[in-house]
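Q: A predicted structure for the sequence below; I have some questions about it.
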Amino acid sequence: MENKLKRSNVWTAVQIAAFLGIFVLLLVPLSYMLRTNGAVKDRFSGFYAEKDHTLDIVMIGSSPVFPYYAAPKLWGETGIAMYPLSSNVQRPAAMKYLVEEAEKTQSPQLYIFEMRMFTMEDEGLRDNMAYTRGVTDNMRYSRQRMRTIRALVPEDDEEGRLSYYLDIMKYHTNWKMLTLPSEWANMTYHKASPLKGFEFKDEVGPQPMPDCGNAEGEKAIPPEQEDCLVDLLSFLQQSGKEALFIVSPYGESLEEQQMYNYMEEIVSSYGYSFLNMNDHYREIGIIFEEDFADYGSHTNAIGAEKCSDFLRAYLQERYSFTDKRGQEKYRSWDAAYELWKLEMEEARETILDRIARGEYAQIEDAQ
């Protein structure tokens, strides 16, 4: 009788374990599919779809990253594979954890960090869950994702943390996602990005060129962001990672320019390069009245072409990358370049037509 009871208990335990296993196997892909669709989701799942250890550069940062720098163009002209691991209004505190996430499948020669968000106080960013979820809800389930959540979500918000760990709690009503073929491709969060994370913008939002580029003087950035920057630099230095810190050109203020001067001093003290493109408007050839989609905040496709060219020249002058064009495992990059060329011509025609007609964009607030 006792042996029979033991066998029964073992069988019950096996059934429970099997149920939990099946539940997890269903829960994870279902969670991925129910996450709200959009460009950020496609960008992150596209990153996971890249073949292991094939990326030369990973660019991390907020919304200036993906519309400013055309990875397919860089590839087609140099054979350098660069991918943007970026999200809207990305908190600087996420950067170190995204490097660790990238290192799970890639070993890039260079990390590029876009620095615009370091001018903003973290309290306002932390209080808006969308700015945190833009990162955590687009990562694959893993121990690293849990570490990222613990770093970004306050310790006293244990109830809130649970909905970050199990983001299906937030998206469980998104059943319409299951009717989209594109989301079934996200079952494993491993869906190729045709343009390698680049996003075309064909709107026009003009503003006068700022006159504070190259301005002298320094202004301290928010203390929590300085701590974050020092932590990131120390982490990169200890890990032996090569990094470049950039500021994309935009309608900056004098106060922001002086903050970038302050950041440059810190970054340089750790032996890393800092490139503020606001000091190079004329070399870039940027025209603020024509090359921006939203009044000086983000470039349109023509502005992106110029910024991509400037960054390419900077990288080729200071770094040594192997040209990987022609290699079989990079065929998707060749296809991305051909697609970029086609869509670039369409975007150029649209932009020039809008300039001629004086048709200007509606303002959207993003960083």
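A: Happy to help now that I have it. Numbers count the residues shown, from 1 in each chain.

Q: strands of the stretch 151-300 of the chain, start to end?
A: Taking DSSP state E, counting those that start in this stretch, the strands of the stretch 151-300 of the chain run over residues 243-247, 273-276.

Q: and the nearest residue to Asn138 once chain neighbours are set aside, which of the three is it?
A: Nearest residue to Asn138, sequence neighbours excluded (Cβ to Cβ, 6 or more residues apart in numbering): Phe44, at 3.9 Å. Quick note: C-beta positions are derived from backbone N, CA and C, even for glycine. Following DSSP: H, G, I helix; E, B strand; the rest coil, the label given to Phe44 is helix.

Q: begin at 152, not 1, for the rest of this chat.
A: New numbering, starting at 152: the last item is Phe195.

Q: buried deepest among the strands of the stretch 302-451 of the chain, which one?
A: strand 394-398 (a mean of 23; mean count of other Cβ atoms under 10 Å).

Q: pairing partners for that one, with directions?
A: Paired with strand 394-398 in the same sheet, following DSSP bridges, are strand 261-265 (parallel), strand 424-427 (parallel).

Q: pLDDT score for Val175?
A: The per-residue pLDDT reported for Val175 equals 61.

Q: I misspoke; the intended subject was Lys157.
A: pLDDT at Lys157 comes out at 52.

Q: if we can go back for a sec, in TSV, list the strands of the stretch 302-451 of the chain along with mean pLDDT and distance to His341.
A: Below are the strands of the stretch 302-451 of the chain laid out as TSV (pLDDT from 0 to 100; distance: least, Cβ to Cβ, whole Å):
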stretch	mean pLDDT	distance to His341
strand 394-398	98	27
strand 424-427	98	33
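
Q: go through the ones you listed and name the closest to Lys475.
A: With Cβ to Cβ, the closest approach to Lys475 among the strands of the stretch 302-451 of the chain belongs to strand 394-398: 19.7 Å.

Q: the closest one: how far from the chain's middle?
A: 14 Å (Cα atoms, centre = their mean, to the nearest Å).

Q: likewise stretch 502-516?
A: 26 Å.

Q: now do stretch 492-512
A: So, by Cα atoms, centre = their mean, the centroid of stretch 492-512 is 25 Å from its chain's centroid.

Q: okay, now the residue nearest to Asn289: neighbour count?
A: The number of residues packed near Phe195 is 27, by other Cβ atoms under 10 Å.

Q: that one touches Asp288, doesn't it?
A: No. Using Cβ atoms under 8 Å, Phe195 is not in contact with Asp288; the gap is 9.2 Å.

Q: can you map out the helices along the stretch 202-351 of the chain?
A: Ranges of helices in the stretch 202-351 of the chain, per DSSP state H, counting those that start in this stretch, are 216-219, 222-229, 246-254, 273-277, 280-287, 294-303, 309-316, 319-322, 332-335.

Q: for the record, mean pLDDT for the third one?
A: What that stands for is helix 246-254. Mean predicted confidence for helix 246-254 is 98.

Q: what's the most buried one of the helices of the stretch 202-351 of the chain?
A: Of the helices of the stretch 202-351 of the chain, helix 216-219 is the most buried (mean count of other Cβ under 10 Å), at a mean of 27.

Q: chain center to it, what's the gap?
A: Its chain's average C-alpha position is 9 Å from that of helix 216-219, according to Cα atoms, centre = their mean.

Q: what helices and strands are in contact with that helix?
A: The contact analysis (3 or more Cβ pairs under 8 Å, 6 or more residues apart in numbering; DSSP states H and E) places helix 216-219 against strand 233-237, helix 452-469.

Q: what about this structure, any weak spots by pLDDT?
A: Along the chain, segments meeting pLDDT under 70 span 152-176, 309-310, 515-518.

Q: give me the most central residue, it.
A: The chain has Ser237 as the residue nearest its centroid, 0.7 Å off, counting by Cα atoms, centre = their mean.

Q: who's in contact with the nearest residue to that one once chain neighbours are set aside?
A: Nearest non-adjacent residue to Ser237, counting by Cβ to Cβ, 6+ apart: Val216, 3.8 Å away. By Cβ atoms under 8 Å, 6 or more residues apart in numbering, the contact set of Val216 is 210, 235, 237, 265, 399.

Q: which of these count as buried?
A: Buried members of those, scored by 16 or more other Cβ atoms under 10 Å, are 210, 235, 237, 265, 399.

Q: bridged to the second one, which residues?
A: Beta-bridge pairing for Pro235 (DSSP bridges): Met210.

Q: for the spatially closest residue to Ser448 that is not a sequence neighbour, what are its contacts?
A: The shortest distance from Ser448 to any non-neighbouring residue, by Cβ to Cβ, 6+ apart, is to Tyr401 (5.7 Å). With contacts defined as Cβ under 8 Å, 6+ apart, the neighbours of Tyr401 are 215, 267, 429, 443, 447-449.
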